[in-house]
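Q: A predicted structure for the sequence below; I have some questions about it.
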Amino acid sequence: PDDNFEQALINLGYDTGPINDSVLTANISSVSNLLIGFSNISDLTGIEDFAALSDLSCWGNQLTTLDVSQNTNLIQLDCSGNPLTNLNVTGLTALLWMYTDFCQLTSLDVSTNISLEELDFEVNQISSIDLSNNTALISLYCTLNQLTSLDLSLNTALEFLMCRDNQLTCLNLKNIDQQNMTGFIAYNNP
């Protein structure tokens, strides 16, 4: 239903136009990379029909909600710079990299994203997050949120952590091998 989304698909050659609120599923089902940043898109209804999608970059649009839970082949998701308040990434067990910085998220469920290696949700309004199932996590960027506690005791692969400018009163890094840490930035927390 979003004309700007359809126009972006026309520009990429996946639709021939005119804009008619539909794109043939056969034209998009094998698309693996979709780069549609800064296209003034507010609705990605239909993204579920991109069955082979492994990389979605939709940064800098007008999305307030995004559900990619049906895109089970996703490896990389960049939806940064959207006024997102709702993001559904449940069931994406192959997802390796997720960038959701500069959004308006108050919560983020990554409990089923067990392959996640890099997670960036800087500049949001998240006050708590459960990362206990994300044991493959190598890099975590969560600067400028409302986090009061962060338990990374099960994230033994962690090498880089940036959690400055939160409300952290508890940061659990038990079991983290300090020899493997390449970066640790946690200032401006109580």
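A: On my side now, so go ahead. Numbering: from 1, shown residues only.
Q: so which bits of stretch 159-167 are buried?
A: The neighbour-count check on stretch 159-167 (16 or more other CB atoms under 10 Å) flags Glu159, Phe160, Leu161, Met162, Cys163, Arg164, Asp165, Asn166 as buried. Where C-beta positions appear, they are placed from N, C-alpha and C, glycine not excepted.
Q: stretch 48-67 too?
A: Result for stretch 48-67 [16+ other CB under 10 Å]: buried residues 49-50, 53-61, 63, 66.
Q: kindly report the same for stretch 145-155.
A: Asn145, Leu147, Leu150, Asp151, Leu152, Leu154, Asn155.
Q: report pLDDT for the residue nearest to the last one when sequence neighbours are not counted.
A: Once its chain neighbours are removed from consideration, Asn155 has its nearest residue in Leu137; the separation is 4.7 Å (CB to CB, 6 or more residues apart in numbering). The predicted local confidence for Leu137 comes out at a pLDDT of 98.
Q: count the neighbours of Leu137 for me.
A: Using other CB atoms under 10 Å, Leu137 has 25 neighbouring residues.
Q: how much space between it and Ser111?
A: 12 Å (CB to CB, to the nearest Å).
Q: how about Ser42?
A: Distance from Ser42 to Ser111, by CB to CB: 28 Å.
Q: and for Asp55?
A: Separation of Asp55 from Ser111 (CB to CB): 22 Å.
Q: so what's the closest residue in space to Asp67 that isn't next to it in sequence up against?
A: Nearest non-adjacent residue to Asp67, counting by CB to CB, 6+ apart: Asn88, 4.2 Å away. Contacts for Asn88 (CB atoms under 8 Å, 6 or more residues apart in numbering) come out as Leu66, Asp67, Val68, Ser69, Asp109.
Q: then Asn33?
A: Leu53, Ser54, Asp55.
Q: that older thread, tell me which of the contacts of Asn88 fall in strands.
A: Counting by DSSP state E, the contacts of Asn88 place Leu66, Asp67 in strands.
Q: wait, which of the contacts of Asn88 is closest to Gly13?
A: Val68 (22.2 Å; CB to CB).
Q: from what I see, the closest one and Asn86 are in contact.
A: No: checked against CB atoms under 8 Å, the pair Val68 and Asn86 is beyond contact range at 11.7 Å.
Q: dihedrals phi and psi, the residue most central in space within the chain?
A: The chain has Met98 as the residue nearest its centroid, 3.6 Å off, counting by CA atoms, centre = their mean. The phi and psi values for Met98, taken as degrees, to the nearest 10, are phi -140, psi 130.
Q: do you know how far it is from Thr148?
A: Going from Met98 to Thr148 by CB to CB gives 22 Å.
Q: looking only at neighbour counts, state which of Val68 and Asn86 leads.
A: When neighbours are counted by other CB under 10 Å, Val68 and Asn86 differ, and Val68 comes out ahead with 24 against 14.
Q: did I read that right, Leu150 in a helix?
A: No: Leu150 is assigned strand when assessed by DSSP: H, G, I helix; E, B strand; the rest coil, not a helix.
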